[in-house]
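Novice: for reference, the sequence and a predicted model appear below.
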Amino acid sequence: FSCLSVAMADVNEVLNKVVCAIHHLAEPEGSLPRTIAKCISADEGKNAWGGLRRALKRGVAKGMLARNGENYKVVGSKVKALAKQKKMEDEAKRTAQQITGKGAAAMAVLAEAGAVRNKKGVEVTVLKPGSGKTARKGDKVSVSYKGTLQSTGKKFDQGKFNFEIGNDDVIKGWHLGIEGMREGEKCRLVIPPALGYGKRGAYPDIPPNSHLVFVVLLNKVNAGA
């Protein structure tokens, strides 16, 4: 295993090195930050701590890493899911480059695959662009979804659901994340506890203060009155 200096790397590059380092260390309870830093910076002896802290925070936020006390572990299912997501994004971008005769608007719709938006605390990543009607406050929408815990990757819910944006009794993160999506669009929503189930959680599947990850496909938009 060859470890690289991270002094000039961006956070995502460091995160990739962190995942490789944790896999290489293969510690059952996860690895301490200082152990990971030592591994990453071994070749040149440089201090990787500053970049590492940002990468660990990003990894937990993306669901690629789980914190176990002071240790960090790789969430295997999430890494596979993100690899699949990247493949989808690359394919969408290649398709956008290959389109001819459909105009700049169609190109722009396809090119937005992989775009990340922050909507008042909800991180929205476009997995597949849509081209239909845009969901607005007051619209009734039909979605397919899967919900997982960011910390473990465990699925707690999956199905189809109809609701009215801004009015019906669903978590606030759904209203914020789904408003602005287009019919046919598929997104990943990362929802913090304050916009999900908060300090109480939702027994027995969602512990208190849980960050939630939803993959949502917007099937239909019915415009409000």
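Specialist: Ah, there it is.
Novice: please count neighbours and contacts with C-alpha atoms only from this point.
Specialist: Will do.
Novice: so where is this structure shaky, pLDDT-wise?
Specialist: Low-confidence segments of the chain, defined by pLDDT under 70: 1-10, 41-50, 76-115, 168, 224-225.
Novice: the most centrally placed residue in it and Ala223: what is the separation?
Specialist: Centroid check for the chain by C-alpha atoms, centre = their mean gives Lys62 as the closest residue, at 4.9 Å. Distance, Lys62 to Ala223, by C-alpha to C-alpha, to the nearest Å: 33 Å.
Novice: what's the answer for Ser131, then?
Specialist: 16 Å.
Novice: ok, the residue nearest to Lys172 when sequence neighbours are not counted - how many residues close by?
Specialist: Spatial nearest neighbour of Lys172, excluding adjacent residues (C-alpha to C-alpha, 6 or more residues apart in numbering): Leu195 at 5.2 Å. Using other C-alpha atoms under 10 Å, Leu195 has 19 other residues around it.
Novice: again, but for Gly69
Specialist: Neighbours around Gly69, by other C-alpha under 10 Å: 9.
Novice: okay, strands next: where are they in this structure?
Specialist: Remark: strands assigned in the chain by DSSP state E are 65-68, 71-74, 116-119, 122-128, 140-149, 155-164, 186-191, 212-222.
Novice: strand partners (parallel or antiparallel) of the fourth one?
Specialist: Pointing back at strand 122-128 there. Using DSSP bridges, strand 122-128 pairs in its sheet with strand 116-119 (antiparallel), strand 186-191 (antiparallel).
Novice: kindly report the same for the longest one.
Specialist: Using DSSP bridges, the strands paired with strand 212-222 in its sheet are strand 140-149 (antiparallel), strand 186-191 (antiparallel).
Novice: any idea which of these is most buried?
Specialist: Ranked by mean neighbour count, the strands paired with strand 212-222 are led by strand 186-191 with a mean of 26 (mean count of other C-alpha atoms under 10 Å).
Novice: which residues are contacting that strand?
Specialist: 62, 121-130, 150, 173, 177, 211-218 (C-alpha atoms under 8 Å, 6 or more residues apart in numbering).
Novice: pull that strand out as CSV, backbone CA atoms only.
Specialist: Taking C-alpha atoms only, strand 186-191 is exported to CSV below (Å, rounded to 0.1, in the frame of the first residue of the first chain):
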residue,chain,number,x,y,z
LYS,A,186,-34.1,11.4,-9.2
CYS,A,187,-32.3,12.9,-6.3
ARG,A,188,-30.5,12.0,-3.1
LEU,A,189,-31.6,14.1,-0.1
VAL,A,190,-29.4,14.2,3.0
ILE,A,191,-31.6,15.6,5.8
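Novice: tell me who's in contact with His211.
Specialist: Taking C-alpha under 8 Å, 6+ apart as the criterion, His211 is in contact with 149-151, 190-193, 196.
Novice: for it, which non-adjacent residue is closest in space?
Specialist: Leaving out its chain neighbours, the residue that sits closest to His211 by C-alpha to C-alpha, 6+ apart is Pro192, at 4.7 Å.
Novice: quick one: the helices in this protein, in order.
Specialist: In the chain, the helices defined using DSSP state H lie at 11-25, 33-40, 49-62, 76-98, 103-111, 172-178.
Novice: one step back: which of the contacts of His211 sit farthest apart?
Specialist: Ser151 and Gly196 (14.4 Å; C-alpha to C-alpha).
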